[in-house]
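Colleague: Dropping a prediction and its sequence here:
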Amino acid sequence: MAGQVGLAQALSYARDLKSLYETSRARERELEQIQERLRAAYQQSLQYAIDLRKTYRRLQQASFQSLLGLANALEAKDVYTRGHSERVAALARRIALAAGVPPPAADVIAQAGLLHDLGKIGIPEGVLRKPGPLSHEEWVVMRRHPIVGAQIVAPLEFFAEGAIIVRHHHERHDGSGYPDGLRGELIPLGARIVAVADVYAALTSDRAYRPRLARAEAARRLDAEAGQTLDPRLAALCVDLTGDDATPERPV
Ligand SMILES: [Fe+2]
């Protein structure tokens, strides 16, 4: 009798265990399915993030191109400045590479060269194209253009280094520049490079008040400014690089 009760209990335990086992297996399968759905959702959100990043980059590039168009339009209004930024950009890249700057950073410096005077868009025409010397008040307005330019390009996250170069392209080696009066190596390298290229490109281009200078004379002027307003090493590199140029610099 006692044996039969024991057997019935054992069978009941066995059934309970089987039921528990089946329940837990069902849970496991459910969990596996949930995990699989989660994995798929994660993969999809990852893909969305990649797509979003690509779109964001394209938007930033499109914004950069628009600003470039704006800078070109600004220059094109004046026969004497037409093509100036392109010359500055090309020369700045060459100086940067010769100074040992890695190519990607040299590209950013060249891009900053393209946009360095964009802030002039905020300067009234009467000041920008005044034939005679500027008054004190007009200079105050003119000297704002590096800050305005840096503010315009600030939303371009990929161009943060470029914005710094735009802001400081009128700083001078001896600290007499603007907007912050930085001196020597406190001036960002890219800004020092663009400054040298800017001066050289301006000297070798026709201006309303003088014809373009011959290379030798431009090199002499650069030498005179080396260590004063311009970084001496970069000015020397610019003179070396442009000494071999076969084609004359002139406004396009
Ligand atoms: Fe400028």
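Modeller: That came through, no problem. Residues are numbered from 1 along each chain as shown.

Colleague: so after the helix or strand of the chain with the lowest mean pLDDT, what's the next helix or strand?
Modeller: Counting by mean pLDDT, DSSP states H and E, the chain has its least confident helix or strand at helix 125-128, which shows a mean of 88. Counting by DSSP states H and E, the element after helix 125-128 in chain order, helix or strand, is helix 136-142.

Colleague: Pull out the buried residues from that following helix.
Modeller: Using 16 or more other CB atoms under 10 Å as the test for burial, helix 136-142 gives 138, 141-142. Quick note: C-beta positions are derived from backbone N, CA and C, even for glycine.

Colleague: Now do stretch 19-38, average pLDDT.
Modeller: Across stretch 19-38, pLDDT averages out at 94.

Colleague: Mind exporting the C-alpha coordinates of it to CSV?
Modeller: The C-alpha coordinates for stretch 19-38 follow below in CSV (Å, rounded to 0.1, in the frame of the first residue of the first chain):
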residue,chain,number,x,y,z
SER,A,19,5.6,20.6,-16.8
LEU,A,20,8.1,22.9,-15.1
TYR,A,21,10.7,21.9,-17.7
GLU,A,22,8.3,22.6,-20.6
THR,A,23,7.3,26.0,-19.1
SER,A,24,10.9,27.0,-18.7
ARG,A,25,11.8,25.8,-22.2
ALA,A,26,8.9,27.9,-23.6
ARG,A,27,10.2,30.9,-21.6
GLU,A,28,13.7,30.3,-23.0
ARG,A,29,12.3,30.3,-26.5
GLU,A,30,10.3,33.5,-25.8
LEU,A,31,13.5,35.1,-24.4
GLU,A,32,15.5,34.0,-27.5
GLN,A,33,12.8,35.5,-29.8
ILE,A,34,12.9,38.7,-27.7
GLN,A,35,16.6,38.8,-27.9
GLU,A,36,16.5,38.2,-31.7
ARG,A,37,14.0,41.1,-32.1
LEU,A,38,16.2,43.3,-29.9
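
Colleague: Next one: the residue most central in space within the chain from D231, what distance?
Modeller: Most central in the chain under CA atoms, centre = their mean is F159, positioned 2.1 Å from the mean C-alpha point. F159 sits 23 Å away from D231, going by CB to CB, to the nearest Å.

Colleague: likewise V194?
Modeller: 11 Å.

Colleague: next one: Y200
Modeller: Counting by CB to CB - Y200 and D231 are separated by 13 Å.

Colleague: Quick one: low-confidence residue ranges for this protein.
Modeller: 1, 245-252 (pLDDT under 70).

Colleague: residue boundaries of the helices in it?
Modeller: 2-76, 84-98, 103-115, 125-128, 136-142, 145-153, 160-168, 189-203, 215-225, 232-243 (DSSP state H).

Colleague: neighbours of the closest residue to D240 other than its chain neighbours, just the number please.
Modeller: Once flanking residues are discounted, D240 sits nearest to A98: 7.5 Å by CB to CB, 6 or more residues apart in numbering. Neighbours of A98 under the rule other CB atoms under 10 Å: 16.

Colleague: That concludes my questions; thank you for your assistance.
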